[in-house]
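Enquirer: sequence unknown, structure follows:
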Ligand SMILES: Nc1ncnc2c1ncn2[C@@H]1O[C@H](COP(=O)(O)OP(=O)(O)O)[C@@H](O)[C@H]1O
Ligand SMILES: O=C(O)[C@@H](O)C(=O)COP(=O)(O)O
């Protein structure tokens with residue numbers, strides 16, 4: 001029986017959640033994109049559906065979620081977790097508020113728990129404020145994110161911009177008083193008309209206090225709370241065993257194509273280090289403001305490289321360089337560049353590439369969609385929250401989809417050759 005479905009708003013968020021559930025010992029199926037009506041879900045404890053709806057129009061995001069919930073119901077799954085980024089990536093319009101509202105309407109649940117805190121990734125919340133390591137979210141590099149600049153760390157205030165529903169919070173001292181205290185505070189808030197409740201957490205035991213119970217609620221947040229929910233459901237598998245068996249995944253001897261579209265500080269440093277260890281091509285829309293030319297340039301360059309060795313193609317750039325690129329290519333530069341890297345990936349696979357590392361959540365979404373990948377086996381983690389995934393149909397392809405912020409400075413260099 002499938003106990004819970006995690007609906008993730010991007011693909012790297014989905015693989016992060018799937019890795020968390022595996023760590024907690026559950027048998028996990030990982031799907032990409034809204035599942036086709038009539039298709040059946042394999043036997044598992046938890047299913048993760050990664051969809052790219054973090055940065056699209058809210059009506060379209062809600063439509064994807066509604067269709068996904070309909071499919072999950074067809075397959076007998078009635079409990080949902082909405083996974084968004086541990087840095088709460090969203091704009092003043094959404095999509096976190098609108099999707100939380102929709103899930104309440106679809107399920108008839110009384111409230112949502114909102115908890116992006118994920119201590120494993122150094123994301124904590126205190127008095128409703130989100131911290132990235134020792135820095136407030138709005139003072140971290142997320143403040144200049146190309147799609148979702150996070151300029152306010154106060155989650156109650158930020159979420160209130162996105163929804164007509166009342167937003168409240170459960171502070172850390174209540175969470176530390178234990179699970180019953182949390183439920184009591186939540187019930188009090190719901191009686192006052194609050195519908196979305198931001199819960200503080202700075203460690204895993206806080207997340208355990210928050211995760212239990214909430215039968216008439218939708219839980220939402222980061223991989224931290226996903227893992228706590230998994231722990232609460234109880235392990236049924238040793239972490240290294242996969243419910244769907246295994247496939248011979250292409251390893252480093254197949255050569256690795258690394259594609260980087262994230263512009264996070266972490267990825268910029270990883271790109272800088274990777275450049276020291278492998279051939280690298282930077283695609284700069286400031287120099288070549290045309291998508292087709294960028295793709296052709298990169299495909300020709302890639303084909304000229306030793307296909308058994310790692311190589312890197314990237315658009316990643318710091319804010320000042322991005323401004324110059326956007327002047328030449330226009331306001332849709334981020335989306336155009338995602339698609340450029342996706343088309344390069346697809347051409348590389350046609351030419352025989354079988355191992356692809358992608359840096360960036362939206363970028364990963366574009367690559368996975370272009371490759372038409374619908375289901376993967378989730379394998380070992382190259383870094384916390386970044387599992388290797390193997391496609392289940394056709395020739396196996398190994399994919400490592402990395403959230404922009406994840407991984408140590410040598411992540412790209414190491415994972416490409418390990
Ligand atoms: N040189 C660039 N100029 C403008 N936008 C860019 C550039 N390079 C990448 N981008 C865009 O920045 C966004 C990065 O988002 P994403 O891939 O989700 O990374 P992250 O995981 O860091 O959030 C993508 O839309 C990507 O296409
Ligand atoms: O929660 C997280 O930080 C990640 O799981 C996640 O959602 C990553 O998103 P991107 O940074 O856009 O890759």
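Expert: Received, thanks. Here the structure is a predicted model, which means the values were calculated and not measured. Numbering: from 1, shown residues only. Ligands and ions are numbered 1, 2, ... in the order given.
Enquirer: Please make it C-alpha for all contacts and neighbour counts, starting now.
Expert: OK.
Enquirer: for the strand or helix carrying residue 190, packing partners?
Expert: Assessed by DSSP states H and E, residue 190 sits inside helix 179-191. With contacts taken as 3 or more CA pairs under 8 Å, 6 or more residues apart in numbering; DSSP states H and E, helix 179-191 sits against strand 166-170, helix 172-176, helix 204-211.
Enquirer: Please work out which residues outside that helix touch it.
Expert: 110-111, 168, 170, 174-175, 197, 208-210, 212-214 (CA atoms under 8 Å, 6 or more residues apart in numbering).
Enquirer: Need the helices and strands packed on helix 179-191 in a markdown table (columns: mean pLDDT).
Expert: Output for those, formatted as a markdown table (pLDDT from 0 to 100):
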| stretch | mean pLDDT |
| --- | --- |
| strand 166-170 | 98 |
| helix 172-176 | 98 |
| helix 204-211 | 97 |
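Enquirer: residue contacts, residue 104?
Expert: 110, 111, 112, 217, 218.
Enquirer: quick check, it in a helix?
Expert: Yes - under DSSP: H, G, I helix; E, B strand; the rest coil, residue 104 sits within a helix.
Enquirer: Could you check how far it is from residue 155?
Expert: 19 Å (CA to CA, to the nearest Å).
Enquirer: what pLDDT does whichever residue of the stretch 151-300 of the chain sits closest to ligand 1 get?
Expert: Going by CA to the nearest ligand atom, ligand 1 is nearest to residue 262 of the stretch 151-300 of the chain, at 3.5 Å. At residue 262, the model reports a pLDDT of 96.
Enquirer: Just the ones of the contacts of residue 104 in strands?
Expert: 111, 112, 217, 218 (DSSP state E).
Enquirer: For these, pick the one with the most neighbours.
Expert: residue 112 (27 neighbours; other CA atoms under 10 Å).
Enquirer: Pull the contacting residues for that residue.
Expert: Residue 112 touches 100, 104, 195, 196, 197, 217, 218, 219, 220, counting by CA under 8 Å, 6+ apart.
Enquirer: Assumed the fourth one was part of a helix.
Expert: No - according to three-state DSSP, residue 196 belongs to no helix; its state is strand.
Enquirer: which element is residue 81 on?
Expert: Going by DSSP H and E, residue 81 is part of strand 80-83.
Enquirer: Pairing partners for that strand, with directions?
Expert: Paired strands of strand 80-83, with direction, are strand 4-8 (parallel), strand 217-221 (parallel) (DSSP bridges).
Enquirer: Including distance to residue 189 and mean pLDDT, could these go into CSV?
Expert: Below are the strands paired with strand 80-83 laid out as CSV (distance: least, CA to CA, whole Å; pLDDT from 0 to 100):
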stretch, distance to residue 189, mean pLDDT
strand 4-8, 25, 96
strand 217-221, 13, 97
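Enquirer: Tell me which of those approaches residue 127 most closely.
Expert: Evaluated over the strands paired with strand 80-83, closeness to residue 127 peaks at strand 217-221, with 16.0 Å, by CA to CA.
Enquirer: Isn't the residue of the stretch 151-300 of the chain closest to ligand 1 up against residue 401?
Expert: No - under the criterion of CA atoms under 8 Å, residue 262 is not in contact with residue 401, lying 11.2 Å apart.
Enquirer: any common contacting residues for the two?
Expert: Joint contacts of residue 262 and residue 401 (CA under 8 Å, 6+ apart) are 359, 360, 361.
Enquirer: In helices only, show me those residues.
Expert: Judged by DSSP state H, the subset of the shared contacts of residue 262 and residue 401 located in helices is residue 361.
Enquirer: Residue 88: which of the shared contacts of residue 262 and residue 401 is nearest?
Expert: Looking across those and measuring by CA to CA, the closest to residue 88 is residue 361, at 13.2 Å.
Enquirer: quick one: secondary structure of residue 389?
Expert: strand.
Enquirer: so what's it up against?
Expert: Counting by CA under 8 Å, 6+ apart, residue 389 has contacts 376, 377, 378, 379, 398, 399, 400.
Enquirer: and it, bridged to which residues?
Expert: residue 378, residue 399.
Enquirer: now it: how far from residue 31?
Expert: 11 Å.
Enquirer: what's the overlap in contacts for those two?
Expert: What both residue 389 and residue 31 touch, as defined by CA under 8 Å, 6+ apart, is the set residue 376.
Enquirer: Would you agree residue 255 is in contact with residue 349?
Expert: No - using CA under 8 Å, residue 255 is not in contact with residue 349; the gap is 11.9 Å.
Enquirer: picking that back up, which among the contacts of residue 389 gets closest to ligand 2?
Expert: Distances from ligand 2 to these, taken by CA to the nearest ligand atom, are shortest for residue 400, at 11.6 Å.
Enquirer: State the pLDDT value of residue 212.
Expert: 89.
Enquirer: what's around it, how many residues?
Expert: So residue 212, with other CA under 10 Å, has 17 neighbours.
Enquirer: Which residues of the stretch 201-350 of the chain lie near ligand 1?
Expert: Neighbours of ligand 1 within the stretch 201-350 of the chain, by CA under 6 Å from any ligand atom: 261-264, 315-317, 322, 325, 333-335, 337-338.
Enquirer: Just these: which are in helices?
Expert: 322, 325, 333, 334, 335, 337, 338.
Enquirer: For stretch 26-37, buried residues please.
Expert: By neighbour count with 16 or more other CA atoms under 10 Å, stretch 26-37 contains the buried residues 26, 27, 28, 29, 30, 31, 32, 33, 34, 35.
Enquirer: for stretch 285-300, that is, sorry about that
Expert: Buried, per 16+ other CA under 10 Å, within stretch 285-300: 285, 286, 289, 290, 291, 294, 295, 298, 299.
Enquirer: Give me the residues contacting stretch 296-310.
Expert: 253-258, 278-279, 281, 283, 311, 313, 344, 347-348, 353, 416-417.
Enquirer: All the helices of the protein, in order from the start?
Expert: Counting by DSSP H, the helices of the chain are 11-23, 58-74, 96-107, 155-162, 172-176, 179-191, 204-211, 223-233, 265-275, 291-303, 319-329, 333-350, 361-371, 411-417.
Enquirer: Identify, out of those, the most deeply packed stretch.
Expert: helix 11-23 (a mean of 29; mean count of other CA atoms under 10 Å).
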